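Colleague: Any chance you can model this:
(2 chains)
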Amino acid sequence: MIEALSRRGILRGMLGGSAVTVGLPLLDCFLNGNGTALASGAPLPVRFGTWFWGLGHTPGRALKIKDGTDYEFLVNCAALAPFKSQINFFTNFNTPTDGEPNIPHDTGHFAGLAGNCPSAYGDIPSPTFDVLISDAIGQASRFRSLEVTASGNPRDSLSARGTGNFNAAEASPFKFYTRLFGPDFADPNKADFKPDPRVMVRQSVLSAVKDEASSFASGLGSADKARMDEYFTSVRQMEQQLNLQMQKPAPAEACKIPASPGENTQIGTEIFTAINTHKIMTQLLVMAVACNQTKVFNMSFSASASQYRKPGDSATNHTLTHEEPVDAALGYQPISDWFATRSMESMATFVDAFAQVREGDGTLLDNCMIFAHTDTNYARLHALDGIPMMSVGKAGGRIKAGLHIAGNGDPVSRVGLTMMQVMGLAVDQWGTRSLKTSKPITEIVA
Amino acid sequence: MRVSVRYWIAAIAASALFGCGPSEPQSSGGAAQVRRLTEEQYRQVIADLFGKDIKIAGHFDPLNRTDGLLEIGASRAAITSSAFEQYDLIARQVAAQVIDEDHRNVLVPCSPASETAPDPACAREFFAKIGPLLYRRPVEARTLDKLVAVAGDSAQSVANFYTGLASGLAGMLETPEFLFVADYTEPDPNHPGQRRLDAYSRASRLSFLLWNTMPDAALLKVARDGDLNSKRGLKRQVDRMLASPRLAAGVRAFFADMLGFDTFDTLAKDPIIYPAFVQSVADDAQEQTLRTITDLLIARKGDYRDLFTTRETVMGGPLGLLYDVPVTKPDGWAPYTFSDDDPRAGIITQLSFVVLHSHPGRSSATLRGKAVREIFLCQKVPDPPGNVNFSLVQDTKNPNYKTARQRLTAHRSAATCAGCHKIMDPIGLALENFDGAGQYRTVENDTPIDASGEVDGVKFQGAAELGKVLHDNPAATSCLVNRLYGYATGRPPVQGEKDWMKYLQAGFAENGYRVSDLLRLIATSDAFYEIAPASGAQSASEPSPTGARS
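Modeller: Below is the predicted model of the structure:
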């Protein structure tokens, strides 16, 4: 019966009207012959994400560099070993600050994300590049981007358009679930679809809101105008959401609505609680991506100065990195090292969740590019140079993976530039002052 | 020390001035601001307009603390896509409640001819009633027309008049006119070439400062009639607002901001180390301090400096366990006075302070010292250098350094650390008798705690004496003036307001450091409403938000 269906016939039926009934979920027949594109000719979407953890690795316990571009994961990163073929590891890229202070647990990641060093805490001198990517590819999705944290603190988001304008993170699994799969969610694989007239009403309301806002914005100074631009972008995004709600969503093969995590899911900074929160949030996020709710996502496993702690221990991960003595026999800080390993295990959980979702003839991970990064090289000293970074996934075949890339002291911004180009942005130069670069990392580009 | 001498010279000079009829110094004013409503303000406006039983379930994007205050961060905050999504959700939720069968008879001033069809006249009446209160100024006729049209279209689509009203109301709650408090300016007739806030923006400034909510109908009426631009009319309104019980909400909002109570939202304590510290303790700790503040500063019109020494507070609920005192009213609040020999005196010995400025599993003399400097004395402590080594600070198991004092002394032996720790630790060490959950203790690791300390050369013994030192520190009162003015205007004071700030500080002293008098001085001044001309300014006859088109 399935074999008897014509791809073109079904698609024609779907596109014929706004209210249609389709009897089947996305099947292989919707894909092209080799499973890399939809039958309409459109390729499977490539998604971009970031995964952040605070406080880096223990020097010498994350990676062993082999000959050429080969590498091997060590203790901190052992959990990532099964995914090595999907991971590029970037080492020895530097963060020149051009006289700006090294703001502990701030400069390191913002330099890589924004191509610009902040001058004070809270200063975000340029948009982070995930925002630039979401500007380019996120506008046609229900959510332009999704920001999530496992820490319980909505401030633990690094995605920002500028100072005072950051995308706060979802911190509650239940709220995140409701936002994604609550009443406004349209199941892409549901047979019946009937547009809700209330959505049309909301569209009309938003149109009026926009008119009012234009009048308000006309009298503002330039700094405030920029804030109003963000407001208009937000209204447009909401309009986009409503437009999508008026259409039968394209079927999504891997989309399966997850169960609600429940209102009372515990969140907090005790490490095992955070690991569990991260796991739940990851499952929700992966389904949000698989269900085509967004193409851009940002997950913060922890804050940069991570407040995670072992149960009953008076010290946090952050304070431990500074206060824990280096064990003379081991040559490192054992508890801080323990936290670094837990972070990488959670990263492996994250990567695995994407790898478990079949999409076309590959996995969702194959169609993602995830930038995994942190704030310091050696947290004990707030070291900025050689901050570990990784790319995960194959960006729909646009990049090669499984490589070690030595930066040889080049600016960290080369990684961001490369990722933007891979995601299709027309950008040939990025960054400010010594972080300005026009040299993408061509070794990973397929 | 130099600060102190300068201060007293200014105070004495101003005192002389006040004695013979002080005159307010000319002020440049600062830039006009566009402030995003804080969560608390949003909730208060909805409660004031539609009633406290209207539920708001949703989250608001956090603000960035800037120059010590979230309220200044609000002047830089944008509305991101996810934030707008939340505003949309909340707006629809509020609107649905306003028109539901439990509320419509009270909140909608008219009945439609038919509940299943548009009724433009009734819709207009509804929007004309709530519009000026939500937008904090008259609603233009064309805006009203649009709202009526939106309500009509919506009512038509779903055959329900009230749903139509809800659509229009939800839309209003999503407009920047509602979500941002913008400074609209006009030429200042008293200072040619300068701008000032227009009457409605004056009303908003007053109302958000004193009541933390929108202007009420009476204030908007005075603004409309032009009386708010006259000294007499302004004074009458300020007196009315200061006498209102709603003043407490304004004072609470300011101190909650200044004291950084927003961080309670994510405060975590280890339940194994501090089993008595549960969420209700965190909530009650804030409430206790805010009640202490409003009781002293408003009900008793006390001296601000006494907040550092007062032994009078309130006690309730689970707090008794952590304070180790009997609670006479477990389900509410009862006055409580710490005895003269009790180590607790002043708000910095209350749970809200010592708990907030601690680690999840232990106290922190450094964090507490830093907080005292930055919150109460407005003295920015530099961030630690990028390559600092903290190994010795709090290795609590180190047999050589059993107490925080011993560990910090060892840490300070490093030259790069000494400078900053020298200005933080001697303050925080005086609070070491309170552990990370605020409970009193006399020993740490079986070693007696030495709670002696020093601030700017003044030595003292213990937390209560620290309070006295802060009480007498002129930086504490000048800091309060700076913070309050920054909170009131949404920006830090600027260079052109130097004389004005000195005048305020002297006035504060002259009036016995009474916060209500300081509020009056600010609210009845010209300077508070003065707006610095924006660069590239051009004349405009119509008021506009911010000075950019002024």
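Colleague: When you work out contacts or count neighbours from here on, use the C-alpha atoms and nothing else.
Modeller: OK.
Colleague: How about A:Ser434: what's its closest non-neighbour residue?
Modeller: Counting by Cα to Cα, 6 or more residues apart in numbering or on different chains, A:Ser434 lies nearest to A:Pro96, which is 6.2 Å off, once chain neighbours are set aside.
Colleague: Low-confidence bits of the stretch 351-500 of chain B, can you list those?
Modeller: Scanning the stretch 351-500 of chain B for pLDDT under 70 picks out B:385-402, B:404-405, B:407-417.
Colleague: ok so, going back, would you agree the residue nearest to A:Ser434 falls within a strand?
Modeller: No: assigned with DSSP: H, G, I helix; E, B strand; the rest coil, A:Pro96 falls outside any strand and is coil.
Colleague: any idea how far it lies from B:Glu497?
Modeller: Taken as Cα to Cα, to the nearest Å, the spacing of A:Pro96 relative to B:Glu497 amounts to 38 Å.
Colleague: When these two are compared, which one has more neighbours?
Modeller: The residue with more neighbours, out of A:Pro96 and B:Glu497, is A:Pro96; 21 against 17, by other Cα atoms under 10 Å in any protein chain shown.
Colleague: So which residues of chain B form strands?
Modeller: Per DSSP state E, chain B carries strands over the ranges B:34-36, B:180-182, B:184-187, B:195-197, B:312-316, B:333-337, B:443-444, B:447-448, B:452-455, B:458-461, B:530-531, B:544-545.
Colleague: measure the residue nearest to A:Ser434 to chain B for me?
Modeller: 14 Å (Cα to the nearest Cα, to the nearest Å).
Colleague: mind listing what that residue touches?
Modeller: A:411, A:434-435 (Cα atoms under 8 Å, 6 or more residues apart in numbering or on different chains).
Colleague: and which of the residues you listed is nearest to A:Val209?
Modeller: A:Leu435 (40.4 Å; Cα to Cα).
Colleague: Share the number of residues neighbouring the closest one, please.
Modeller: Neighbourhood size, A:Leu435 [other Cα under 10 Å]: 24.
Colleague: same deal with A:Arg433?
Modeller: 13.
Colleague: And it, how far from A:Gly152?
Modeller: Per Cα to Cα, A:Arg433 is found 35 Å from A:Gly152.
Colleague: Which residues does the one helix or strand A:Asn298 maps to contact?
Modeller: Secondary structure from DSSP states H and E places A:Asn298 in strand A:296-300. For strand A:296-300, contacts defined as Cα under 8 Å, 6+ apart pick out A:47-53, A:130, A:133-134, A:137-138, A:144-151, A:156-159, A:285.
Colleague: do stretch A:272-292 as well
Modeller: A:47, A:141-142, A:148-151, A:173, A:176-177, A:180, A:187-188, A:252-258, A:261, A:266-268, A:294-295, A:297, A:301, A:308, A:310, A:346, A:349-350, A:353-354, A:357, A:364.
Colleague: can you list the residues of the stretch 101-250 of chain B near chain A?
Modeller: By Cα under 8 Å from any Cα of the partner chain, the residues of the stretch 101-250 of chain B that approach chain A are B:143, B:146-147, B:150, B:153-154, B:157-158, B:167-168, B:170-172, B:174-177.
Colleague: So which of those belong to helices?
Modeller: The helices, defined by DSSP state H, take in B:143, B:146-147, B:150, B:153-154, B:157-158, B:167-168, B:170-172, B:174, B:176-177 from these.
Colleague: Where neighbours are concerned, which of the residues you listed has the most?
Modeller: Highest count within these by other Cα under 10 Å belongs to B:Gly168, 32 neighbours.
Colleague: could you pull out the helices for the stretch 101-250 of chain A?
Modeller: A:107-114, A:129-137, A:173-181, A:197-217, A:222-245 (DSSP state H, counting those that start in this stretch).
Colleague: hey, which of those is tucked in deepest?
Modeller: Of all those, helix A:107-114 carries the top mean neighbour count, a mean of 28, counting by mean count of other Cα atoms under 10 Å in any protein chain shown.
Colleague: for stretch A:104-124, what is the average pLDDT?
Modeller: Mean per-residue pLDDT for stretch A:104-124: 92.
Colleague: What's the end-to-end length of that stretch?
Modeller: When the termini of stretch A:104-124 are compared using Cα to Cα, they are 14 Å apart.
Colleague: Contact residues of the stretch 301-446 of chain A facing chain B?
Modeller: Residues of the stretch 301-446 of chain A lying near chain B (Cα under 8 Å from any Cα): A:311-316, A:322-325, A:380-383.
Colleague: Of those residues, which belong to helices?
Modeller: In helices, judged by DSSP H, the following of those are found: A:322-323.
Colleague: Near B:Arg520, how many other residues are there?
Modeller: Neighbours of B:Arg520 (other Cα under 10 Å): 16.
Colleague: Just to check, it is in contact with B:Val238?
Modeller: Yes: at 6.7 Å, B:Arg520 and B:Val238 qualify as touching, with contact defined as Cα atoms under 8 Å.
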